[in-house]
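*Asks:* have a look at this fold, sequence not included:
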């Protein structure tokens, strides 16, 4: 049966919506949504048709993340990182793994950030030492999404022998020598299964290398950064849309019985909602323009890539904060779903590259200075 994006998304969002409260409350992996993505072919969204995938691109993945994030930020985050990893593998990986992703048998993620270089993901401290037809990896990775559930990590290290800043590898999650850190028990995106992973003499075949030795930085900038920035922005927009919808519902349905008026009859409430709508729509316009710039390889594409994640992260915090104020005491109750969005919305700003780093990069770019 041909892949149908709309029906696949409906299945995934239905599963995500039903489990979202429990995923957040228990801090557990959004298994239901991921299983639905496997079953419907959504995991193979960016995989080429010739390996059995849907053959779709960044725009469709971004729209999918935005839709899923309206129901469950954790599920959207897991799929964001999967499509980031899958995009790298599709361009640089071997056919058997590409086919596994297309079939829904392989959940991917990125393993870039390290405790030594922190949010400077482009500068790994971990090493890859030549050992015959293999390499031995040593590293202290931090904040790997889906760490205990991904089938393999798109892993960065220093080059094994070439010059350059980094090299990429495909490292199976069950490789001998990998040690998982403590389970994630965080403030927001509580189901994203993010934790530290240590590599102690992890041996992987040279055939597991993704691209040329020393070419990791180029792949990060050319493949990963545009994908990651646009998909993270998509998640922020989805969270904003959910918060806005919940605010409108609450304010139109909640009444002052003694005055026979709703909260939406208050001009101050309507102004808050209007400002939220403007902020969401302005961010969406930048996001869609960023997709256009990337697809058309416009001269300003990298500027848009740097802008869109920071803009969406900042907007999400602002919009959900406004939703909490407009919702009053009701917004603080778990069942309303707003306080979950309040927590989830804050994650994007501190994901590498952080908003502070992106603002610095943008300032350099606008001033004609080198970014690195």
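*Replies:* That came through fine. Being a predicted model, the structure only gives us computed values, none of them experimental. Numbering: from 1, shown residues only.
*Asks:* what is the least confident helix or strand in the protein?
*Replies:* strand 255-256 (a mean of 80; mean pLDDT, DSSP states H and E).
*Asks:* partners of that strand in the sheet?
*Replies:* strand 261-262 (antiparallel) (DSSP bridges).
*Asks:* quick one on the thing from earlier: and for the least confident helix or strand of the chain, what are the contacting residues?
*Replies:* Strand 255-256 is contacted from outside by 261-263, using Cβ atoms under 8 Å, 6 or more residues apart in numbering. Yep, even glycine has a C-beta here, placed from its N, CA and C like the rest.
*Asks:* mind redoing it with 10 Å?
*Replies:* For strand 255-256, the external contacting residues (Cβ atoms under 10 Å, 6 or more residues apart in numbering) are 261-266.
*Asks:* contacting residues around residue 248?
*Replies:* 264, 269, 273, 276-277, 323, 326.
*Asks:* top of the residues you listed by neighbour count?
*Replies:* Within the contacts of residue 248, neighbour counts (other Cβ atoms under 10 Å) peak at residue 323, which reaches 30 neighbours.
*Asks:* what separates it from residue 337, distance-wise?
*Replies:* From residue 323 over to residue 337 the distance is 10 Å, taken as Cβ to Cβ, to the nearest Å.
*Asks:* what residues do the two have in common as contacts?
*Replies:* Joint contacts of residue 323 and residue 337 (Cβ under 10 Å, 6+ apart) are 242-243, 245-246, 331.
*Asks:* just the strands in the stretch 151-300 of the chain please.
*Replies:* Using DSSP state E, counting those that start in this stretch, the strands of the stretch 151-300 of the chain run over residues 152-157, 167-172, 178-180, 195-205, 209-210, 255-256, 261-262.
*Asks:* how about the ones you listed in a markdown table, adding distance to residue 64?
*Replies:* Listed next are the strands of the stretch 151-300 of the chain as a markdown table, based on distance: least, Cβ to Cβ, whole Å:
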| stretch | distance to residue 64 |
| --- | --- |
| strand 152-157 | 20 |
| strand 167-172 | 23 |
| strand 178-180 | 28 |
| strand 195-205 | 25 |
| strand 209-210 | 24 |
| strand 255-256 | 37 |
| strand 261-262 | 35 |
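*Asks:* out of those strands, nearest to residue 121?
*Replies:* Taking Cβ to Cβ, strand 152-157 is the member of the strands of the stretch 151-300 of the chain nearest to residue 121, at 7.5 Å.
*Asks:* would you list the strands that the closest one pairs with, along with their directions?
*Replies:* Sheet pairing for strand 152-157, assigned by DSSP bridges, gives strand 108-111 (parallel), strand 167-172 (antiparallel).
*Asks:* most tightly packed of the ones you listed?
*Replies:* Ranked by mean neighbour count, the strands paired with strand 152-157 are led by strand 108-111 with a mean of 28 (mean count of other Cβ atoms under 10 Å).
*Asks:* sorry, back to before: who wins for proximity to residue 182 among the strands paired with strand 152-157?
*Replies:* Nearest of those to residue 182, taken as Cβ to Cβ: strand 108-111 at 16.7 Å.
*Asks:* which parts of stretch 19-30 are buried?
*Replies:* By neighbour count on 16 or more other Cβ atoms under 10 Å, the buried set for stretch 19-30 is 19-20, 23-24, 27, 29-30.
*Asks:* just checking, which of those belong to helices?
*Replies:* For these, membership in helices holds for 19-20, 23-24, with DSSP state H as the criterion.
*Asks:* picking that back up, what is the nearest of the shared contacts of residue 323 and residue 337 to residue 314?
*Replies:* Residue 314 lies nearest to residue 243 out of the shared contacts of residue 323 and residue 337, by Cβ to Cβ, at 14.5 Å.
*Asks:* which residue, other than its chain neighbours, is closest to that closest one?
*Replies:* residue 323 (4.1 Å; Cβ to Cβ, 6 or more residues apart in numbering).
*Asks:* likewise residue 228?
*Replies:* Using Cβ to Cβ, 6+ apart and skipping the chain neighbours, the partner closest in space to residue 228 is residue 84 (5.2 Å).
*Asks:* residues contacting that neighbour?
*Replies:* 46, 61, 108-110, 112, 145, 154, 223-228, 231-232 are the contacts of residue 84 under Cβ under 10 Å, 6+ apart.
*Asks:* redo that, cut-off 6 Å
*Replies:* 110, 224, 227-228 (Cβ atoms under 6 Å, 6 or more residues apart in numbering).
*Asks:* residue 7 too?
*Replies:* Not one residue lies near residue 7 by Cβ under 6 Å, 6+ apart.
*Asks:* swap in 7 Å and give it another go.
*Replies:* By Cβ atoms under 7 Å, 6 or more residues apart in numbering, residue 7 lies in contact with residue 40.
*Asks:* thinking again about what came up before, wait, which of the strands paired with strand 152-157 is closest to residue 97?
*Replies:* Nearest of the strands paired with strand 152-157 (Cβ to Cβ): strand 167-172, 6.6 Å.
*Asks:* re earlier: any idea which of the strands of the stretch 151-300 of the chain scores lowest on pLDDT?
*Replies:* Per-stretch mean pLDDT for those is lowest at strand 255-256 (a mean of 80).
*Asks:* no further queries at this time; thank you.
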